[in-house]
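Trainee: take this sequence and fold it.
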Amino acid sequence: MARYASGVYLRELRELMRQSKTAATPNGLQAYIIPTGDSHQNEYLAPCDQHREFISGFTGSAGTAVVTDKKALLWTDGRYFAQAVKEFDENWQLMKDGLADTTKIETYLSKELPQNSTIGVDPSTISIHRFHEISCGVAGAGHNMVCVSDNLVSLVWKNRPAAPSEPVFPLPTMYTGKRCSEKVSAIQQKLDDMQCAALAVTALDEVAWLFNLRGSDIPFNPVFFAYAIVTDKDVVLFVDKSKLTEEALKQLTEETTVDGSSFLSIEPYNHFHTYLKKLTPEGSTNKIMVSRLSSQDVVNAIPKENQMVANSPIALMKAVKNTVELDGIRQASVRDSAALCQYFSWLEKEVPKGGVTEMSGAERLLELRRNQPKFIGPSFETISGSGPNGAIIHYRVSAGTNRSLTTDEMYLCDSGGQYWDGTTDVTRTMHYGQATPHEMECYTRVLKGHVNLANTVFPDKCRGALLDCLSRTSLWEAGLNFNHGTGHGVGAFLNVHEGPHGFSPRATADAGLEAGMLVTDEPGYYEDGSFGIRIENVCVVSQTKTKHRFNDTDFLKLEPMTMVPYETSLIVPQLLTPREIKFINDYHCQVRDCVSPILEAIGDAETLKWLVKKTELLG
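Mentor: Predicted coordinates:
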């Protein structure tokens, strides 16, 4: 596979850095930061906003590039170490973010740049939190971090795609469970409690959730480009009104009309920052709440004395699903699981014959999902990795990397679907021949970690960072580990990765776990150049009964939504405890009970036979 050639673009970018002379930057820029971000701090970006990918050639979903006069470096986390090395050309240096011996961006710039250097960044592409972190970090060394209104990579990017403008459609209350007016009322109560005049809503999934609307401006994420401002009296939606379908406008009117009067007004998308400034005229004491995860250019529009930078109240409200959402997600998960069972049954028959590739396998899985009711599309690009490609944690198959699935290698498949009634995310690892003893031990230890977390009872509001290690202890006992978090939140026909909670070893300010949240349980293990293993279920956090209730605290557990068998042929039974065996057997009984009716209804006797075999009790 030919490597990306970044040299020409880097030369042009460095020339623009030298020419960026203003009153704030009289000597130009000595460094330029290119985050993976857009005006809404989306994880996944529209093609027009993939500046970091354009300049570096690295296609992973997370990472920050830094270009100085002499060097080009990229910081990314453990999910992408192997991928970045494969995609970089000779101009780039990988900085393994999260490892103890890796220098942070602000520390690197402080040490490497000449005295009194100026560091530039497009403020629409970097979060408030990260801008402050880097700015303060370099200030101690005498450097200055400035906002550059023109994105310099955009100026280099001659054939940059146009911004998407896809239709926006309604999501009825039969799926959302709550009208927009109910959600707005709850937010206004939060504003009153915090003595805030307004909330600036900048995250696209928060806008979509608030208004019960969906779109497709971002690949795999049913969101659309928009902002919103909520005050104690009214709500403003900033969106290109021509994108709203007739059905969307009708539902919006119905859900925002109270006692015959609508509290909603619609303004053009590009009027947001100007409108924000009008909320705080000179002398105003109004406090405007802005999420700490918003882009820096949002707070740039608000005087410092009027800013309240905090965690968005919508993030937590959205994360705790109501009963209607949970019922829909359960149904979507079972249908999605039936499609996966069909896929793995088909692979078991076809792989030994030869001819199945990573790419053709992913296409077959998509075809099977399309046969399921209420399917909209994938929730992310399927990770279909055979052998060494499975060790690339967020592998993306291409014509240049496409491998055949064989009976000699492990196969990792991480995929998901968007349905009208829910979002799914499932990973299973298989072997269609005879795995080595080492591969089987690794698989069993990953499964033990998965089961250990799923079996754990924990107090209400317990932070996921405190539980993450439970998925790793079996691996640690053998001197093994994995370089990613164990789980993330999942939206309700929204983004497949959702905060503000999750399981991660990093000491982050994640929200405590509450009943009604969705979260994945997905430990793994990866050997570069050989194989990868990951096992993932989407789970709902549920209340559980305990013998005691310390300080009247509720206790919680994880209830699996995903209904796909584990690969029992890869299990080393001697490594499992009786409690682990019971969990697997109970889970497999539940899988059989949930998925069998769907297979029977469509007359798929072959997959049903496969399912019965795969869910046989372990001895």
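
Trainee: ok, longest helix in this protein?
Mentor: helix 323-350 (DSSP state H).

Trainee: relative to residue 69, how far out is the nearest residue to residue 12 once chain neighbours are set aside?
Mentor: Of all residues not flanking residue 12 in the chain, residue 156 sits nearest, at 4.6 Å (Cβ to Cβ, 6 or more residues apart in numbering). C-beta coordinates here come from the backbone N, C-alpha and C atoms, glycine included. Distance, residue 156 to residue 69, by Cβ to Cβ, to the nearest Å: 16 Å.

Trainee: hmm, back to that, quick one: average pLDDT of the longest helix of the chain?
Mentor: The average of the pLDDT scores along helix 323-350 is 98.

Trainee: just the CA atoms of the very next helix or strand once past that helix, as CSV, please.
Mentor: Sequence-wise, the next helix or strand downstream of helix 323-350 (DSSP states H and E) is helix 358-370. Extracted C-alpha coordinates of helix 358-370, given in CSV (Å, rounded to 0.1, in the frame of the first residue of the first chain):
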residue,chain,number,x,y,z
GLU,A,358,-12.4,-8.9,5.1
MET,A,359,-14.2,-6.6,2.6
SER,A,360,-16.6,-9.1,1.2
GLY,A,361,-17.4,-10.3,4.7
ALA,A,362,-18.3,-6.7,5.8
GLU,A,363,-20.5,-6.3,2.8
ARG,A,364,-22.3,-9.6,3.6
LEU,A,365,-22.9,-8.4,7.1
LEU,A,366,-24.3,-5.1,5.9
GLU,A,367,-26.6,-7.0,3.5
LEU,A,368,-27.9,-9.1,6.4
ARG,A,369,-28.5,-6.0,8.6
ARG,A,370,-30.4,-4.4,5.8
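
Trainee: residue contacts, residue 612?
Mentor: residue 592 (Cβ atoms under 8 Å, 6 or more residues apart in numbering).

Trainee: when you give positions from now on, start the count at 99
Mentor: All right, first residue 99 from here; so that's residue 710.

Trainee: which SSE is it in?
Mentor: helix 703-712.

Trainee: ok, now residue 381?
Mentor: Using DSSP H and E, residue 381 falls outside every helix and strand.

Trainee: sorry, back to before: residue 254 and residue 167: which has the busier surroundings?
Mentor: residue 254 (20 against 14; other Cβ atoms under 10 Å).

Trainee: so how far is residue 248 from the more buried one?
Mentor: 11 Å.

Trainee: again, but for residue 707
Mentor: From residue 707 to residue 248 the distance is 62 Å (Cβ to Cβ).

Trainee: what's the answer for residue 528, then?
Mentor: Relative to residue 248, and taking Cβ to Cβ, residue 528 is found at 49 Å.

Trainee: more neighbours: the two, which one.
Mentor: The neighbour count for residue 528 versus residue 248, taken as other Cβ under 10 Å, is higher for residue 528 (19 against 11).

Trainee: for the more buried one, what are its contacts?
Mentor: 442, 445, 508, 509, 511, 665, 668.

Trainee: quick check, residue 597 in a strand?
Mentor: Yes - assessed by DSSP: H, G, I helix; E, B strand; the rest coil, residue 597 belongs to a strand.

Trainee: let me see the contact set for it.
Mentor: Counted by Cβ under 8 Å, 6+ apart, residue 597 has contacts 391, 413, 417, 586, 587, 608, 609.

Trainee: top of the residues you listed by number of neighbours, please.
Mentor: residue 587 (27 neighbours).

Trainee: verify the stated contact: that one with residue 615.
Mentor: Yes - using Cβ atoms under 8 Å, residue 587 makes contact with residue 615 at a distance of 6.4 Å.

Trainee: intersection of neighbour lists for the two?
Mentor: With Cβ under 8 Å, 6+ apart, residue 587 and residue 615 have common neighbours 417, 599.

Trainee: quick revisit: among the contacts of residue 597, which ones are in strands?
Mentor: Those of those mapping onto strands are 586, 587, per DSSP state E.

Trainee: check the contacts of residue 597 and tell me the two furthest apart.
Mentor: 391 and 586 (14.6 Å; Cβ to Cβ).

Trainee: quick one: buried residues of stretch 278-292?
Mentor: 278, 279, 281, 282, 285, 286, 288, 289 (16 or more other Cβ atoms under 10 Å).

Trainee: can you pull the contacts of the first one?
Mentor: Going back to what we said before, that points to residue 278. 308, 309, 310, 350, 353, 354, 362 are the contacts of residue 278 under Cβ under 8 Å, 6+ apart.

Trainee: can you flag the buried ones in these?
Mentor: If we count by 16+ other Cβ under 10 Å, the contacts of residue 278 have these buried: 308, 309, 310, 350, 353, 354, 362.

Trainee: show only the entries of the residues you listed found in strands.
Mentor: Using DSSP E, those in strands are residue 362.

Trainee: what helix or strand is residue 208 on?
Mentor: helix 203-210.

Trainee: now that helix: buried residues?
Mentor: Quick answer for helix 203-210 (16+ other Cβ under 10 Å): 203, 204, 206, 207, 208, 210.

Trainee: and of those, the nearest to residue 582?
Mentor: Once Cβ to Cβ is applied, the member of those that ends up nearest residue 582 is residue 203, at 20.1 Å.

Trainee: the stretch 599-717 of the chain: strands as residue ranges?
Mentor: 616-619, 622-625, 629-632, 635-642, 653-658 (DSSP state E, counting those that start in this stretch).

Trainee: who does the third one pair up with?
Mentor: Okay, so that is strand 629-632. Here strand 629-632 has these sheet partners by DSSP bridges: strand 622-625 (antiparallel).

Trainee: which stretches of the stretch 99-248 of the chain aren't confidently modelled?
Mentor: 99-101 (pLDDT under 70).

Trainee: what ranges do the helices span in it?
Mentor: 105-117, 149-154, 179-185, 203-210, 226-237 (DSSP state H, counting those that start in this stretch).

Trainee: quick one, which of the ones you listed gets closest to residue 493.
Mentor: Between the helices of the stretch 99-248 of the chain, helix 179-185 lies closest to residue 493; by Cβ to Cβ that is 6.9 Å.

Trainee: check contacts around residue 220.
Mentor: Counting by Cβ under 8 Å, 6+ apart, residue 220 has contacts 149, 245, 246, 247, 248, 249, 250.

Trainee: distance to residue 427 added to those residues, as a markdown table?
Mentor: As requested, the contacts of residue 220 are arranged in a markdown table below (distance: Cβ to Cβ, whole Å):
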| residue | distance to residue 427 |
| --- | --- |
| 149 | 34 |
| 245 | 40 |
| 246 | 42 |
| 247 | 42 |
| 248 | 43 |
| 249 | 38 |
| 250 | 42 |
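
Trainee: for these, which PyMOL command selects only the ones that are buried?
Mentor: Burial among these is assessed by 16+ other Cβ under 10 Å; the matching PyMOL selection reads:
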select buried, resi 149+245+246+249+250
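
Trainee: so which of the contacts of residue 220 is the closest to residue 477?
Mentor: Closest to residue 477, out of all of these and judged by Cβ to Cβ, is residue 149, at 24.2 Å.
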